[in-house]
Structure formats: C-alpha cells, structure tokens
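Enquirer: Show me the folded form of this:
(chains A and B)
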Amino acid sequence: ETGVTQSPTHLIKTRGQQVTLRCSSQSGHNTVSWYQQALGQGPQFIFQYYREEENGRGNFPPRFSGLQFPNYSSELNVNALELDDSALYLCASSNDRESTDTQYFGPGTRLTVL
Amino acid sequence: GESVGLHLPTLSVQEGDNSIINCAYSNSASDYFIWYKQESGKGPQFIIDIRSNMDKRQGQRVTVLLNKTVKHLSLQIAATQPGDSAVYFCAEKHAGNMLTFGGGTRLMVKP
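Expert: Residues are numbered from 1 along each chain as shown, chains lettered A, B, ... in the order given. Down below sits the predicted model:
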C-alpha cells in the first residue's frame, strides 16, 4: 500500500450535478496529481497541485477544478457532470525534493454518472 | 497514449515462465519512464523506473529495458507467478511532471 488515500470509494451522480473527490497524500509528499481512467484505458492526466497552486494541466475543460490544502491533501471538483465523466479518478502523490518525483497512486474513486 | 478501448492486448504465460511486456512511447524528449501494475479495483502500483540516460535497470524479478533509438520500453518478469496477473502500464514523464500512460497490457498467468 502506498499511503495515498481517496474518498469516497464509489459515487453515483446524475447529469448536471457537481461532485467533490478527496485525496490524502503519502506522508512526506508535497505534490498531488489527478488522473481520469476510463474503463479499459490508461490514466489521463487532469492536473497537478504543488504548494497549493495548479502546476500543470492536461486536456480537460475548466469544469474540472481542484484545490490543495496546507497539509498537502487535495480535492478534485467536477461541475455540470456529463455521462462521459464516468470513470475511475486517481490521485497520485510525489515529492519534488526526490530526484525522480515518482508518483504513487491511491486506490481511486469510481464515479458513475447516470 | 494509445487507446485500445475495452480490448487490451493480452499476454498469457505459464506459471514459472518469463514474461516480456512491450511498450512504445511517443515523446523523444521524455526523460523518465515507469512501469505500473494495476490489479482489478485498485490504483496503479509502482514496479520499476528508469531514467533516459540508462538502457537497463533491474529490480527484484523485474528488468526494464529502454531503447531510445526506436522509443521502445520493455518489462521483463522472471519466473512469473499467479500474483503477477494484472494490467501493466508504461508511463513516460517529460516537462512538468505529467505522466503519459500507454494503453496497457493484460498479463494472465496460467497455473
């Protein structure tokens, strides 16, 4: 186990609703990255947070937003949910003081949009 | 990364045999590569990594080979065990610490 935790484990929402997913990073890690993994595909980078600011973003619309808190935990918010947002949302933490910044993943939150 | 939808490439091996999983990466500027293992219902688990200034790195029962000329990465698993059954992803990192994942390969180990 990596020490990265995510909540909730599963979530069901309807189109148009908003959702907040949470992530606690591994002890000693100061950077959190979020990924979306559709069924049968590899994870797709959403964005990364470092020192409470967005530090890089993938090809996702602005309705995907996030926060990082002083204790390095993070939230992913998705507004105006669409059916295609149904996926496994993964959080990964890393430490920029390590030479390779290896990202360690949590178990994910399974989001289903009906 | 490439997408293969619900039909992941599958490698089926006999328990005890060696496995080789291949990956083609896309960005010649990538300087760091990682192999992750993902079991059903879990997040990706770090297996082994390699920097672009190396062509081989060994871990416990696993070896990663990097061929920058053809932008190819491989993961070799020695004496494959039933617990190795999972989906394996290669990932590359370039500017900004963003990881780009390949489409994944499903490894099935037959007892």
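
Enquirer: Confidence-wise, which helix or strand of chain B is lowest on average?
Expert: strand B:99-101 (a mean of 91; mean pLDDT, DSSP states H and E).

Enquirer: ok, the residue of chain B found nearest chain A - contacts?
Expert: Relative to chain A, the nearest point of chain B is residue B:101 (3.3 Å; Cβ to the nearest Cβ). (C-beta placed from N, C-alpha, C; glycine too.) Applying Cβ atoms under 8 Å, 6 or more residues apart in numbering or on different chains to residue B:101 gives the contacts A:42, A:43, A:44, B:1, B:36, B:89, B:90, B:91.

Enquirer: Against residue A:86, how distant is the nearest residue to the first one once chain neighbours are set aside?
Expert: Leaving out its chain neighbours, the residue that sits closest to residue A:42 by Cβ to Cβ, 6 or more residues apart in numbering or on different chains is residue B:101, at 3.3 Å. Using Cβ to Cβ, to the nearest Å, one gets 19 Å for the distance from residue B:101 to residue A:86.

Enquirer: tell me, how many neighbours does the residue nearest to residue B:79 when sequence neighbours are not counted end up with?
Expert: Spatial nearest neighbour of residue B:79, excluding adjacent residues (Cβ to Cβ, 6+ apart): residue B:16 at 5.7 Å. Residue B:16 has 11 neighbours, counted by other Cβ atoms under 10 Å in any protein chain shown.

Enquirer: Sticking with residue B:16, tell me its helix or strand.
Expert: Counting by DSSP states H and E, no helix or strand carries residue B:16.

Enquirer: So is the helix or strand of chain A with the lowest mean pLDDT next to chain B?
Expert: Sorting the helices and strands of chain A by mean pLDDT, DSSP H and E puts strand A:53-57 at the bottom, at a mean of 90. Yes. Using Cβ under 8 Å from any Cβ of the partner chain, strand A:53-57 reaches chain B at A:55, A:56.

Enquirer: Parallel or antiparallel, which strands does the following helix or strand past that strand pair with?
Expert: Downstream of strand A:53-57, the next assigned helix or strand under DSSP H and E is strand A:64-68. Strands adjacent to strand A:64-68 in the sheet, as given by DSSP bridges, are strand A:74-78 (antiparallel).

Enquirer: Look up the closest residue to the residue of chain B positioned farthest from its centre, ignoring the ones flanking it.
Expert: Most distant from the centre of chain B: residue B:111, at 22.0 Å, with distances by Cα atoms, centre = their mean. Nearest residue to residue B:111, sequence neighbours excluded (Cβ to Cβ, 6+ apart): residue B:15, at 5.2 Å.

Enquirer: Neighbours of the one you found, how many?
Expert: Residue B:15: 13 neighbours (other Cβ under 10 Å).

Enquirer: Now do the SS call for residue A:84.
Expert: What DSSP: H, G, I helix; E, B strand; the rest coil gives for residue A:84 is helix.
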